[in-house]
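Participant: would you be able to build a 3D model of this:
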Amino acid sequence: MKAEEKIRTVLAVQQECWNNGDVDCFMQGYWQSDSLRFIGKSGINYGWQATLDNYKKSYPDQAAMGQLEFDILNVDPMGTEHYLVTGKWKLIRESDEPNGLFTLIWKRFGDEWKIIYDHSS
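Facilitator: Have a look, this model is predicted:
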């Protein structure tokens, strides 16, 4: 499987995990390192555990999580070890539909691809 296909597969699995209310499963797409960076509306989180904790605090239950939809706009190689992915996200919830854009930097670790940088707005 090519790199782009692997990345798209990880994103599809993340979406499925989220829609099943499983944040721990969703986080498997991220690099489990203190060097992971996540930038969102509340600022910058450094590290995998801090990102997981923030997700759990911001989305405490299935109603808050809603149903996640990704719209992948671009998957661009940055050499052989990194990819830049841009897209749109949307949460479909009973009372609203928050949405925004994301930029992800992916890195290859052996046969796996993980998100090492996430800027979601």
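Participant: could you pick out the longest helix of this structure?
Facilitator: What stands out as the longest helix in the chain, according to DSSP state H, is helix 3-19.
Participant: and the helix or strand following that helix, what's buried?
Facilitator: Next helix or strand after helix 3-19 toward the C-terminus (DSSP states H and E): helix 23-26. Across helix 23-26, burial judged by 16 or more other C-beta atoms under 10 Å covers 23, 26. C-beta here means a position set from N, CA and C on the backbone, and glycine is covered the same way.
Participant: returning to what we had before: could you export the longest helix of the chain as PDB, CA atoms only?
Facilitator: Extracted C-alpha coordinates of helix 3-19, given in PDB (Å, rounded to 0.1, in the frame of the first residue of the first chain):
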ATOM      1  CA  ALA A   3       1.900   6.100   1.700                       C
ATOM      2  CA  GLU A   4      -1.100   8.200   0.700                       C
ATOM      3  CA  GLU A   5      -3.400   5.100   1.000                       C
ATOM      4  CA  LYS A   6      -2.000   4.300   4.400                       C
ATOM      5  CA  ILE A   7      -2.600   7.800   5.600                       C
ATOM      6  CA  ARG A   8      -6.100   7.900   4.300                       C
ATOM      7  CA  THR A   9      -6.700   4.500   6.000                       C
ATOM      8  CA  VAL A  10      -5.500   5.900   9.300                       C
ATOM      9  CA  LEU A  11      -7.800   8.900   8.900                       C
ATOM     10  CA  ALA A  12     -10.800   6.600   8.100                       C
ATOM     11  CA  VAL A  13     -10.000   4.500  11.200                       C
ATOM     12  CA  GLN A  14      -9.800   7.600  13.300                       C
ATOM     13  CA  GLN A  15     -13.200   8.800  12.100                       C
ATOM     14  CA  GLU A  16     -14.700   5.400  12.900                       C
ATOM     15  CA  CYS A  17     -13.200   5.400  16.300                       C
ATOM     16  CA  TRP A  18     -14.500   8.900  17.000                       C
ATOM     17  CA  ASN A  19     -17.900   8.000  15.800                       C
END
